[in-house]
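Novice: Predicted model and sequence below, questions to follow.
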Amino acid sequence: MSEEPATETDAPGGRLARIGHRLAAFLDRHLHHTEVFPRRTAEEWRDLRRHVRDEAVLSPSYLLMCGLSAGIAALGLLQSSTAVVIGAMLISPLMSPIAALGFGFASLDGKQIRESAKVVAWGAAIGIITGLLLTLLSPIHNATPEIIARTEPTLLDLAIAVISGMAGAYATVQQRGGAAIGVAIATALMPPLATVGYGLGVGNLGFAAGAFLLFLTNLAAIGFAFAVVARVSGAARPITHVDFKPGQIAAGIAAFLVLAAPLALTLRRVTLEVRAQADVRAALMQRLEIRQVNIAQLQVTWPLRGTPSVDAVVVEPTYHEGAEVQLADDLERRWGVKPVINLQQVVAADVAARTSAIVDAAAQRTAAGIARDTPPLTAIRTALGLPLQGLWVNRAARSVQLVPFAIPGWTLGDYRRAEAAAGTAGGDWQVRVVPPISNQLRLTVETDDSGKPVLPGLDDANWALSRWGVRPQRIAGYRGRNQSEADRTAALAAATLAANALADGDAMKPVLANAGEDRLPATGSAVLIDMLPPPPPLAAEPSAPTTAASPSASP
């Protein structure tokens, strides 16, 4: 297709050519006078287009640089290093063929579109193969947050692609700053390609397909942004000079559809998620009777084929039992499909505690990335079988903490067995049950065959202390009032045994309690564990000052 200018009268296209000419004149009047885009002659614009086309050629150096860039990006993804991933993009050559692709769309140049697409395809293939080989050779196969973040497009990914595409196109038109803008463009393209290779290397086709969709979406957004800026600035070949050949038009339409299809699918998915997030936010505020500020974290994922899922962290003054089921029913009535709900309710009574919980939730989200690994909360709560007044999930530590209500007649051993049952249902998530705290624990003393004291409940007490996060303040042995004086040594020995076990070898001197102090039964030996230190003695009330009466003078 020739770059030589043609007159408007002999150019084919008729009405389309006149419309293009009027549009170009309109843009020239309303944009160029603002000096946003440079004013150049037709010959200068032609030289720029020729330069863009010459830079986007398939060469051994291009393939080598693509491989090196993808290799560094793949290693950065495997070790979850954002700095390495960004640093790898400094050597990526992907900006040149994308610029040529965008200029081809702006100029309706089917030949340039086809040639540029071929160069991009070769670079993409090199990136995927490099990521695949490094994944197979690497001993690290864990799905890091950097990898998971690139397994499906989001609204932020689209925004990054469009903005970086516009910046790259503007830098190309201005003929400056191309290297720096190329980093942003490569950041949106090369890591997804390396992630495709990782997905193929570990046999996770879901990761590979999602990352490839992200690559196509970003490629389309960046290419179209280049096309828009090239057309608006006047850098693209005037439509009045386009030679419409059937083969070239077919190639351009095919390339457009290949890029536009994933972009349309991603936009549809993002639109669904944005609307769904608004619905979830409204449902949470209505069902839990909270304000928007109490929703610390909210993420809605709605795949094109699959069930929507909701991950939310709310901070509220009281715990709402069964809120997940009620929320799922509310959203099912709105959407017609029942979502998967992962609702974490953080109970915080005062403003300071709520603020701290919101900050902790944000920090935890940063540490854990956007990993979609969620604990089986429904199975855990079913296995526990207790009403809860608090629940907290730590994604970074992969732990679930449950705070049940006090159950009359339950011992620490009962709560410990409930934790074991819930932990089995939790799979590889660590489940911790915090039993209702007591100011004082009592352990019954028994004797073994050799006559030495034993404490059957010592392990349960040690477990409870670790869940409460406290240390005993006093450990006392008790001998019943009706026991002989010879049992004094046994009671003190039992207290010493408890002190050594509960204080982790720390020096804690046990004492001997008496019946009047601890109000224990008249018979039986026990060990008493005080959780709280004794209150300080009350200060004596200061006495009123006295003054000596002076003798009165006699009249």
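Specialist: Cool, got the structure.

Novice: would Asn342 count as being in a strand?
Specialist: Yes. Secondary structure of Asn342 (DSSP: H, G, I helix; E, B strand; the rest coil): part of a strand.

Novice: got a list of what it touches?
Specialist: By Cβ atoms under 8 Å, 6 or more residues apart in numbering, the contact list for Asn342 reads Ser309, Val310, Asp311, Ala312, Glu324, Thr374, Pro375, Leu377, Val393. Any C-beta I mention is one placed from the backbone N, CA and C, and that applies to glycine too.

Novice: For the buried ones among these, write the corresponding PyMOL selection.
Specialist: To isolate the buried members of those in PyMOL, using 16 or more other Cβ atoms under 10 Å:
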select buried, resi 309+310+311+312+324+375+377+393
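
Novice: now, which of the contacts of Asn342 lie within helices?
Specialist: Residues of those located in helices (DSSP state H): Glu324, Leu377.

Novice: Kindly indicate which of the contacts of Asn342 lies nearest Ala209.
Specialist: Among the contacts of Asn342, Ser309 lies closest to Ala209 (Cβ to Cβ), at 17.9 Å.

Novice: Okay, helices next: where are they in the stretch 1-150 of the chain?
Specialist: Secondary structure of the stretch 1-150 of the chain (DSSP state H, counting those that start in this stretch): helices at 15-30, 42-55, 60-78, 82-88, 95-107, 110-137, 145-148.

Novice: rank those helices by mean pLDDT and give me the bottom one.
Specialist: Ranked by mean pLDDT, those bottom out at helix 15-30, with a mean of 61.

Novice: and Thr444, backbone torsions?
Specialist: phi -80, psi 140 (degrees, to the nearest 10).

Novice: That one against Ala498, yeah?
Specialist: No. Checked against Cβ atoms under 8 Å, the pair Thr444 and Ala498 is beyond contact range at 11.6 Å.

Novice: quick one: common contacting residues for those two?
Specialist: Residues touching both Thr444 and Ala498 (Cβ under 8 Å, 6+ apart): Leu455.

Novice: Looking at these two, which is more packed in?
Specialist: The neighbour count for Thr444 versus Ala498, taken as other Cβ atoms under 10 Å, is higher for Ala498 (28 against 13).

Novice: What's the end-to-end length of stretch 383-397?
Specialist: 21 Å (Cα to Cα, to the nearest Å).

Novice: Phi, psi for Val434 please.
Specialist: Per degrees, to the nearest 10, the backbone of Val434 is at phi -100, psi 110.

Novice: follow-up on the earlier one: so can I have TSV of the helices of the stretch 1-150 of the chain showing distance to Arg333 and mean neighbour count?
Specialist: Listed next are the helices of the stretch 1-150 of the chain as TSV, based on distance: least, Cβ to Cβ, whole Å; neighbours: other Cβ atoms under 10 Å:
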stretch	distance to Arg333	mean neighbour count
helix 15-30	48	13
helix 42-55	54	16
helix 60-78	41	21
helix 82-88	41	17
helix 95-107	44	27
helix 110-137	43	20
helix 145-148	31	20
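
Novice: would JSON lines of these with distance to Val346 be doable?
Specialist: Formatted as JSON lines, the helices of the stretch 1-150 of the chain follow (distance: least, Cβ to Cβ, whole Å):
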{"stretch": "helix 15-30", "distance to Val346": "53"}
{"stretch": "helix 42-55", "distance to Val346": "54"}
{"stretch": "helix 60-78", "distance to Val346": "32"}
{"stretch": "helix 82-88", "distance to Val346": "28"}
{"stretch": "helix 95-107", "distance to Val346": "45"}
{"stretch": "helix 110-137", "distance to Val346": "38"}
{"stretch": "helix 145-148", "distance to Val346": "22"}
